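Asker: I'll drop the sequence and a predicted model, then ask my questions.
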2 protein chains.
Amino acid sequence: MNRLWSALARELEPYVPGEQPRVAGLVKLNTNESPLPPSPRVAPAVAAACEDLRLYPDPDATELRRALAAYHCLAPEQTFVGNGSDEVLAHAFVALLKRDAPLLFPDVTYSFYPVWARLYGVDSAVAPLDAAMRVCVADYRRPAGAIVLANPNAPTGIALPRTEIAALLDDHPDIPVVVDEAYVDFGGETAVPLIASHPNLLIVRTMSKSRALAGLRVGYALGDAGLIEALRRVKDSFNSYPLGRPAQAGAIASLADETYFQASRARVIGWREGMADGLRALGFEVLPSAANFVFARHPERDGAALAAALRQRAVLVRHFRGPRVAPYLRISVGGEDDVARLLEAMAEIVGA
Amino acid sequence: MNRLWSALARELEPYVPGEQPRVAGLVKLNTNESPLPPSPRVAPAVAAACEDLRLYPDPDATELRRALAAYHCLAPEQTFVGNGSDEVLAHAFVALLKRDAPLLFPDVTYSFYPVWARLYGVDSAVAPLDAAMRVCVADYRRPAGAIVLANPNAPTGIALPRTEIAALLDDHPDIPVVVDEAYVDFGGETAVPLIASHPNLLIVRTMSKSRALAGLRVGYALGDAGLIEALRRVKDSFNSYPLGRPAQAGAIASLADETYFQASRARVIGWREGMADGLRALGFEVLPSAANFVFARHPERDGAALAAALRQRAVLVRHFRGPRVAPYLRISVGGEDDVARLLEAMAEIVGA
């Protein structure tokens, strides 16, 4: 704290990301990274982009937005890109979610939402998940300025079917509804087909998870051109050039390799099911996940103690504090070896 | 405009960057890019960073900040990095420049300052440049909440000596003073040696100009650890991972190649002087530049008309509207061929 800080800087409670230790031999299942590398087309595209590093990148990412539009059967004006989906979501808070009535989101969800709300002075209210940790659309049938939902939700991994998202949109035709589909490629139903009929729907995606590009920083949004234009106005009031040349080129290369993408996500889904089965065999309750992680608790063990015991065995998972989530561990899906090492360590700990 | 936009989104007046046309054969002197490529060490470092793209980058950019600290003879806690200096400056507006009294900056300066002020609701006031388009420190001797100056200033290119910056800091020990040194490597005197004695000084730098990395997006700030901590709090409330792996690796490689850096900036300075002499020979008044551009006007010609005539000859320069700047052209320093083509085209236009 310092007398030179703004009043807002004093009040902020920053988001705390999962740790990124530089330790070899660690089983790192704490930040939902992909166990597989990105498409082999990405590295050559990034290297080729170094040809022109002295020049600014295209501030509008025209070619990347065209590729995204083609991929999702939309128009380029229905796409927006940013420096990771966190930047895209932050801009959505400024451009769309700051309203006269409170922004609604679940009590258990991506813990960055309340941080952006505080940063931008967005009044917010939470709708609790039900006893099974599910989002219930009926709980959102109340006056609200805007809604943001992660689907699948994090850290639960539970997905809502598209019909439920459609019902939510029909309940709220006059307010912006942001659906954060960071994890949708691992088994969720995307809301993209609802864009045509719902000009209030903004979908946010990341290339960090299913496209294994966490190190490149590319996120995007899809929605009605009117909503996208609001994001563009905020972006152009903040940073004209959010995506460098390597990021734009790498993202385009990833989108062009559909065969690799489909095979990767299928493998991750397979590993997730094996990991969930293994945890259940050790006595864990595992929520039904449509993401690249599972949210699991042991009926007789403390979540924080389990995370600490795993850490002693060089296995890193994520544990969140808070009344409803503290019993659980959020465990990213690893490759075969990592899943085996996780299950071995857990078997030792719970004495199965 | 759209009923779903926030009130703020409706009010914004976004910054307009120089155009980035994809046309071959153009002499592009409109966005102050480097006429030289970056250090040859950058491309291999960026390519090597593709090894681990599936993993998030270090959110604290520890290695890059260590390299910056060593380069500038500071501690790592006195350094901050962001996705271009525009992001760093934007965070400084939120963390430091939003105060109870107005933020002061020159009437003619980087035109993104008023855009950030509007985005973040920062009350601001301008201090006019003198008749010779110079910043006069005496004009800042009045109550202010904070000050931001570009040194060298843009688009004039005129630099203040360090003694003047020291005088400004001594006048205002209790408010944050941000010095934007985007262009300092082309002949300005850096304020870095003043950091030790002035805990209210924040210096912002970019790797886009003198390090020829506009396409990579790396900016940074240097200052007292207390000021840096405020920037970190804002960054961690906005986007945990602003710099991807390629950007961090490329920036580190550039910093390690001091010989190349010194040779590059010397060549650009040499070309600038040749360009300024050539323009003066054609009757232009050229402000004394310590940047990689010149700001020049012809006593008998209209600035906008000159820019349009150059454009017809495939030479792109920047023209700004506004009462004091409209007579001028801002012309980025090009390599020998580009300078020759600019001067030829200009000779045709002004009939010299």
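Answerer: Good, I have the coordinates. Since we're looking at a predicted model, the values are computed, not measured.
Asker: for the closest residue to chain B within the stretch 101-250 of chain A, which non-adjacent residue is spatially closest?
Answerer: At 3.4 Å from chain B, A:D236 is the closest residue in the stretch 101-250 of chain A, using Cβ to the nearest Cβ. Every residue, glycine included, has its C-beta placed from N, CA and C. Sequence neighbours aside, B:P14 is the residue nearest to A:D236 in space, at 3.4 Å (criterion: Cβ to Cβ, 6 or more residues apart in numbering or on different chains).
Asker: who's in contact with that neighbour?
Answerer: A:R232, A:R233, A:K235, A:D236, A:S237, B:V115 (Cβ atoms under 8 Å, 6 or more residues apart in numbering or on different chains).
Asker: look up how far B:V204 lies from it.
Answerer: 20 Å (Cβ to Cβ, to the nearest Å).
Asker: next: A:E63.
Answerer: A:E63 is 30 Å from B:V204, by Cβ to Cβ.
Asker: who has more neighbours out of those two?
Answerer: B:V204 (25 against 15; other Cβ atoms under 10 Å in any protein chain shown).
Asker: continuing past whichever strand or helix holds that one, what's the next helix or strand?
Answerer: Assigned by DSSP states H and E, B:V204 falls within strand B:201-206. Where DSSP H and E defines the elements, the next helix or strand beyond strand B:201-206 is strand B:219-223.
Asker: mean confidence for that next one?
Answerer: In this model, strand B:219-223 carries a mean pLDDT of 98.
Asker: does chain A sit close to the next helix or strand after it?
Answerer: Later in the chain than strand B:219-223, the nearest helix or strand by DSSP H and E is helix B:225-235. Yes. Helix B:225-235 lies within reach of chain A by Cβ under 8 Å from any Cβ of the partner chain, at B:G226, B:L227, B:E229, B:A230, B:R232, B:R233, B:V234.
Asker: next, the contact list for A:A61, please.
Answerer: Contacts of A:A61 (Cβ under 8 Å, 6+ apart): A:V81, A:L243, A:Q248.
Asker: helices and strands around the helix or strand containing the first one, which ones?
Answerer: Assigned by DSSP H and E, A:V81 falls within strand A:79-82. For strand A:79-82, the elements it packs on are helix A:62-72, helix A:85-92, strand A:219-223, helix A:225-235, judged by 3 or more Cβ pairs under 8 Å, 6 or more residues apart in numbering or on different chains; DSSP states H and E.
Asker: distance between the third one and the chain's centre?
Answerer: Going back to what we said before, that points to strand A:219-223. 12 Å (Cα atoms, centre = their mean, to the nearest Å).
Asker: give me the nearest residue to A:L287, chain neighbours excluded.
Answerer: Nearest non-adjacent residue to A:L287 (Cβ to Cβ, 6+ apart): A:F295, at 4.7 Å.
Asker: what residues does the one helix or strand that neighbour maps to touch?
Answerer: For A:F295, the element it lies in under DSSP H and E is strand A:293-297. By Cβ under 8 Å, 6+ apart, the surrounding residues in contact with strand A:293-297 are A:29, A:32, A:133, A:154-157, A:183, A:272, A:275-276, A:279, A:284-287, A:289, A:303, A:327-333.
Asker: residues near A:L168, how many?
Answerer: Neighbour number of A:L168 under other Cβ under 10 Å is 24.
Asker: again with A:L201
Answerer: Neighbours of A:L201 using other Cβ under 10 Å come to 24.
Asker: bridging residues for it?
Answerer: A:V177 (DSSP bridges).
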